[in-house]
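J.: task: produce atomic coordinates for the following.
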Amino acid sequence: MSTRKTPEQQLDELLQKEARLKAQIQKKAAQVRGVERKKDTRRKIIAGALALEHMAHDKEFANVLKRLLNEHVTRPEDRKLFDL
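T.: Numbering: from 1, shown residues only. Down below sits the predicted model:
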């Protein structure tokens, strides 16, 4: 003899499935954000290295970059990195 689930039991099971799916979605979304954050950090490292290298070869560019850094870098620990 098979036992049928009441509508309340069925609803409870569906709500539990929903909660598990929401948790899986949140975990996967966090992984995607982490990957994107790593890509963004890598882009910034490459662009920064390129700019710093270019400063050594182009004095006009060096002056512009130094001026921009001086105007926009405000945190004391960050300013120290650029001798500002």
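J.: CA only for contacts and neighbour counts going forward, please
T.: Will do.
J.: list the contacts of residue 22.
T.: Under the criterion of C-alpha atoms under 8 Å, 6 or more residues apart in numbering, residue 22 has no neighbours.
J.: measure it to residue 29 for me?
T.: From residue 22 across to residue 29, the span is 10 Å (C-alpha to C-alpha, to the nearest Å).
J.: element containing residue 4?
T.: Using DSSP states H and E, no element contains residue 4; it sits outside every helix and strand.
J.: okay, it: pLDDT?
T.: The model reports residue 4 with a pLDDT of 91.
J.: next, give phi and psi for it.
T.: Backbone torsions for residue 4, taken as degrees, to the nearest 10, come to phi -90, psi 140.
J.: got the contact list for it?
T.: Residue 4 makes no contacts at all, as judged by C-alpha under 8 Å, 6+ apart.
J.: distance of it relative to residue 10?
T.: Residue 4 sits 10 Å away from residue 10, going by C-alpha to C-alpha.
J.: now do residue 39 against residue 25, distance only.
T.: 21 Å.
J.: would you mind giving the secondary structure of the spatially most central residue of the chain?
T.: Compute the mean C-alpha point of the chain, and by C-alpha atoms, centre = their mean the closest residue is residue 37, 2.7 Å away. Under DSSP: H, G, I helix; E, B strand; the rest coil, the three-state class of residue 37 is helix.
J.: ok, then the element right after whichever strand or helix holds residue 68?
T.: Assigned by DSSP H and E, residue 68 falls within helix 59-72. Later in the chain than helix 59-72, the nearest helix or strand by DSSP H and E is helix 76-81.
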